[in-house]
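Asker: could you work out the structure for the sequence below:
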Amino acid sequence: MADLLRTIDRWGETGQRRAELRFLALIHDSMKYRVRDWLPKTGDNHHAKRARRLAERYTTDERLLATIEHHDRPYALWRRPRRGGRMNERRLDRMLDAIPDIDLFIRFVELDGSTEGKKAGPIEWLKEEVRQRGRGRGES
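Answerer: As a prediction, this is how the structure comes out:
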């Protein structure tokens, strides 16, 4: 988490955007320890869903809540075709429909993906999909 906070500072984010990204960074993976490894990591047993419920104690801002809930979904959607499956266009569109501030979402996905060992491919793929669909700028 500290590396994400340092990245926000290094990016020069200020004002409300800085505060939003810091909130997201602090909350988004905070509930991973509550996930039951022996159960499927979906629904209430997914760390992002649990983190959203935690965040709801502090904000009603759907832009932040949706970003927390869906922050790992772009990677899962990107990965599927690379593992021999087909791109799930409906899931991608449903995810994008659920996100009120696509530019904040993309910026946070970039932030989360900036940690060592994570791939840039899913982020660039997401930006391109957003651009193709005319949903926000598709850039940070």
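
Asker: just the pLDDT at R22, thanks.
Answerer: Note for R22: predicted pLDDT of 95.

Asker: same thing with T115?
Answerer: 80.

Asker: so who does it touch?
Answerer: 3-4 (CB atoms under 8 Å, 6 or more residues apart in numbering). (C-beta placed from N, C-alpha, C; glycine too.)

Asker: and the one 4 residues further on, by the same measure?
Answerer: K119 makes contact with G113, according to CB under 8 Å, 6+ apart.

Asker: find the residue at the geometric middle of the protein.
Answerer: H71 (1.8 Å; CA atoms, centre = their mean).

Asker: can you pull the contacts of it?
Answerer: Per CB under 8 Å, 6+ apart, neighbours of H71: 24, 28, 48, 105, 108-109, 112.

Asker: CSV for these, including secondary structure and distance to R86?
Answerer: What follows is these, written out as CSV (DSSP: H, G, I helix; E, B strand; the rest coil; distance: CB to CB, whole Å):
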residue, secondary structure, distance to R86
L24, helix, 30
H28, coil, 28
A48, helix, 23
F105, helix, 24
F108, helix, 27
V109, helix, 22
D112, helix, 25
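
Asker: could you check how far the host helix or strand of I106 is from the centre of its chain?
Answerer: Assessed by DSSP states H and E, I106 sits inside helix 102-112. Chain-centre distance of helix 102-112: 6 Å, with CA atoms, centre = their mean, to the nearest Å.

Asker: contacts for it next, please.
Answerer: Here helix 102-112 has contacts from 4, 7-8, 17, 20-21, 24-25, 28, 63-64, 66-67, 70-71, 74, 96, 99, 118, 122-123, 126-127, 130, 135-140, using CB under 8 Å, 6+ apart.

Asker: rerun that using 6 Å as the cut-off
Answerer: The contact list for helix 102-112 (CB atoms under 6 Å, 6 or more residues apart in numbering) reads 4, 7, 24, 63, 67, 71, 74, 99, 123, 130, 135-137, 140.
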